[in-house]
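>>> Can you look at this prediction? I've put the sequence above it.
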Amino acid sequence: MDKSNYTMMCDFYELTMANGYMRAGRGDTIAYFDVFFRTIPDQGGFAIACGLEEIVRYIENLKFTDADIEYLRSKGAFSAEFLEYLKNFRFTGDIYAVPEGTVVFPNEPVLIVRAPAPEAQFIETFVLTTINHQSLIATKAQRIVRAAEGRPVLEFGARRAHGAESATLGARAAYIAGCVGTSCTLTDKLFGVPAAGTMAHAWVQMFDSEYEAFKAYCETYPDNALLLVDTYDTLKSGIPNAIRAFSEILKPLGKRPKGVRLDSGDIAYQSKKAREMLDKAGYEDCLIFASSSLDEYLIRDLLYQGAKIDAFGVGERLITSKSSPVFDGVYKLCAVEKDGKIIPKIKISENVEKITNPHFKKVYRLYDRENHKAIADLITIHDEYVDETGEYELFDPDAIWKRKTIANFIKRELLVPIFKNGKLVYELPKLEDIRNYCRQEVNTLWDEVTRFENPHRYYVDLSQKLWDLKQELLKKNKVYNHKKKP
């Protein structure tokens, strides 16, 4: 999609700060920002990072038009020097990020920006809205795909999404996370996500009878006859008329029906009865497809009740992540450069969970060398070395007395260079490769981490050096073991 018009999609204070940095002589200061999130949607055990390709396109097209500059001039809040600077504005910094489809956890950087302060500050809004939205949908979709236990799931939510772009990009994120296709035609055109769909209730109502509607559809699409059978009465009318159309139209052509779709009522009961009726008529290979405001919990319950469903269409509760609609990613300063030296910075809050981890960092994932399951993630200062040939002691940063010594492990650095000095150095992978990578990522997790309820907490630990630095900065700012007076 053309992102050339998204330069002005930023919070206004990004511009006031950028202008202020220049007025204060800080326009050339190199700043480091971490993008991370604090909680997992639906109280799940993990999230799926998504949106990097969109950010790359945005950065590549980042520029202010004459009309943009004239608009900003009209606001009366910006210096002539700053407006002149914007005429040749380009991103010249570095970006590191986890690849799309990576399993990620709270409080670890999923993207790091190193750039002159005005540039680093300016891209904050777009970076956050992109990662927050697409990671949210990918995470929700992955939960739904797991609930389906190998049965195909199609994303059907375009009409309930929060706008056209949310529908289009949300469908891409859902595909990365494991959905097999989408109802959104534009997502197929732009990204190659398979678009699918057959009929709505309006098709059935348009004809004088349900049978005539099914007959016409089978005649028009004999190789893809999937009929919506709940317009009037699923078991008394819909299934019998579908069977009649299959037998009278498809069978003489030597064709087999694709399936039937249930979209209302007691789908578990209807699916069992429909299966009996279809099998008795000789259509054992006719698929039963279910939709109707589904999510991971309803799908799980349907399967628990023995529903005879072969595939699912999931709409509003996926594309809006209805049960947990916010991905709380944030963008926080963690360091600046002064005289060629990196100076760590920390944000302190009375809400302990909002205290940030300082400095320019790396994130490692540690795996068991024998079964290749993920053990923990480790955040270190950028110049630390993790020796995987011996033992390593991990500790919980929220409860430092909880310690574990691991051995026979392998490490993987999660953050990879995307931009260096404003130049793209990362080859964007094909969508199918991202999707396969995401599946492999989820397979590295223990079953306990993938539970829907009360999942095992996967540990994201700090190195001792980073922990010590954080405590030093807290003490320096006089909040170390601070307690309010009564």
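Nice, I can see it.

>>> Which stretches in the stretch 201-350 of the chain count as strands?
All strands of the stretch 201-350 of the chain, identified by DSSP state E, counting those that start in this stretch, fall at 226-228, 259-262, 287-290, 311-314, 329-338, 341-344.

>>> need the contact list for the residue nearest the centre of the chain.
Closest to where the C-alpha atoms of the chain average out (C-alpha atoms, centre = their mean) is Ser135, at 1.9 Å. By C-beta atoms under 8 Å, 6 or more residues apart in numbering, Ser135 lies in contact with 37, 47-51, 104, 110, 173, 327, 329. No exception for glycine: its C-beta is placed from N, CA and C like everyone else's.

>>> Alpha carbons of the one helix or strand it maps to, in CSV - could you do that?
Assigned by DSSP states H and E, Ser135 belongs to helix 124-147. Extracted C-alpha coordinates of helix 124-147, given in CSV (Å, rounded to 0.1, in the frame of the first residue of the first chain):
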residue,chain,number,x,y,z
GLU,A,124,6.8,7.0,17.3
THR,A,125,3.1,7.2,16.5
PHE,A,126,3.2,5.3,13.3
VAL,A,127,5.5,2.6,14.7
LEU,A,128,3.3,2.1,17.7
THR,A,129,-0.1,2.1,15.9
THR,A,130,1.3,-0.4,13.4
ILE,A,131,2.9,-2.8,15.8
ASN,A,132,0.0,-2.5,18.3
HIS,A,133,-2.7,-3.2,15.8
GLN,A,134,-1.1,-6.0,13.8
SER,A,135,0.4,-7.8,16.7
LEU,A,136,-3.0,-7.7,18.5
ILE,A,137,-4.8,-9.3,15.6
ALA,A,138,-2.0,-11.9,15.0
THR,A,139,-2.0,-12.8,18.6
LYS,A,140,-5.8,-13.3,18.7
ALA,A,141,-5.8,-15.2,15.4
GLN,A,142,-3.1,-17.6,16.7
ARG,A,143,-5.3,-18.4,19.8
ILE,A,144,-8.3,-19.1,17.5
VAL,A,145,-6.2,-21.3,15.2
ARG,A,146,-4.9,-23.3,18.1
ALA,A,147,-8.5,-23.8,19.4
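
>>> okay, now the nearest residue to the residue nearest to the centre of the chain once chain neighbours are set aside: neighbour count?
Nearest non-adjacent residue to Ser135, counting by C-beta to C-beta, 6 or more residues apart in numbering: Cys50, 4.8 Å away. Neighbours of Cys50 under the rule other C-beta atoms under 10 Å: 33.

>>> how about Cys50, phi and psi?
phi -150, psi 150 (degrees, to the nearest 10).

>>> My guess is it contacts Ile131. True?
Yes - counting by C-beta atoms under 8 Å, Cys50 touches Ile131, with 7.4 Å between them.

>>> which secondary structure element contains Arg26?
Assessed by DSSP H and E, Arg26 sits outside every helix and strand.

>>> Look up phi and psi at it.
Torsion angles, degrees, to the nearest 10, at Arg26: phi -110, psi 10.

>>> Distance check, the residue nearest to Ser135 against Glu108.
16 Å (C-beta to C-beta, to the nearest Å).

>>> shaky segments in the chain?
1-5, 478-486 (pLDDT under 70).

>>> how does it divide into domains?
Listed by automatic domain parsing, the domain ranges of the chain are 12-122+328-476, 198-292.

>>> From start to finish, how long is the longest one in a straight line?
End-to-end distance for domain 12-122+328-476: 33 Å, by C-alpha to C-alpha, to the nearest Å.

>>> And for stretch 253-266?
34 Å.

>>> Please compute how far it lies from its chain's middle.
32 Å (C-alpha atoms, centre = their mean, to the nearest Å).

>>> And for stretch 456-474?
Distance of stretch 456-474 from its chain centroid, counting by C-alpha atoms, centre = their mean, is 26 Å.

>>> could I get it in PDB with only the CA atoms?
The C-alpha trace of stretch 456-474 is given here as PDB (Å, rounded to 0.1, in the frame of the first residue of the first chain):
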ATOM      1  CA  HIS A 456       2.800 -20.800  32.600                       C
ATOM      2  CA  ARG A 457       4.700 -17.500  32.900                       C
ATOM      3  CA  TYR A 458       7.500 -17.500  30.400                       C
ATOM      4  CA  TYR A 459      10.500 -15.700  32.000                       C
ATOM      5  CA  VAL A 460      12.100 -12.600  30.500                       C
ATOM      6  CA  ASP A 461      15.200 -12.100  32.600                       C
ATOM      7  CA  LEU A 462      17.800  -9.300  32.900                       C
ATOM      8  CA  SER A 463      21.500  -9.900  32.900                       C
ATOM      9  CA  GLN A 464      23.200  -9.200  36.200                       C
ATOM     10  CA  LYS A 465      25.000  -6.200  34.500                       C
ATOM     11  CA  LEU A 466      21.700  -4.700  33.300                       C
ATOM     12  CA  TRP A 467      20.000  -5.300  36.600                       C
ATOM     13  CA  ASP A 468      22.900  -3.600  38.500                       C
ATOM     14  CA  LEU A 469      22.700  -0.600  36.200                       C
ATOM     15  CA  LYS A 470      19.000  -0.300  36.700                       C
ATOM     16  CA  GLN A 471      19.400  -0.300  40.500                       C
ATOM     17  CA  GLU A 472      22.200   2.200  40.300                       C
ATOM     18  CA  LEU A 473      20.000   4.600  38.300                       C
ATOM     19  CA  LEU A 474      17.000   4.100  40.700                       C
END
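
>>> List the buried residues in it.
Using 16 or more other C-beta atoms under 10 Å as the test for burial, stretch 456-474 gives 458-463, 466-467, 469-470, 473-474.

>>> Same list as before, those residues that is, but in CSV and with secondary structure and distance to Asp383 included.
Output for those, formatted as CSV (DSSP: H, G, I helix; E, B strand; the rest coil; distance: C-beta to C-beta, whole Å):
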residue, secondary structure, distance to Asp383
Tyr458, coil, 26
Tyr459, coil, 23
Val460, strand, 20
Asp461, strand, 18
Leu462, strand, 15
Ser463, coil, 11
Leu466, helix, 11
Trp467, helix, 16
Leu469, helix, 12
Lys470, helix, 16
Leu473, helix, 18
Leu474, helix, 22
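
>>> Pull the most distant pair out of those.
Tyr458 and Leu473 (26.3 Å; C-beta to C-beta).

>>> Out of the strands of the stretch 201-350 of the chain, the one nearest Ala216 is which?
Closest to Ala216 of these is strand 226-228 (C-beta to C-beta; 10.8 Å).

>>> Can you name every helix or strand that that closest one contacts?
helix 201-206, helix 210-220, strand 259-262 (3 or more C-beta pairs under 8 Å, 6 or more residues apart in numbering; DSSP states H and E).

>>> Try it again at 6 Å.
For strand 226-228, the packing partners by 3 or more C-beta pairs under 6 Å, 6 or more residues apart in numbering; DSSP states H and E come out as strand 259-262.

>>> what pairs with the strand it packs on, and is each one parallel or antiparallel?
strand 226-228 (parallel), strand 287-290 (parallel) (DSSP bridges).
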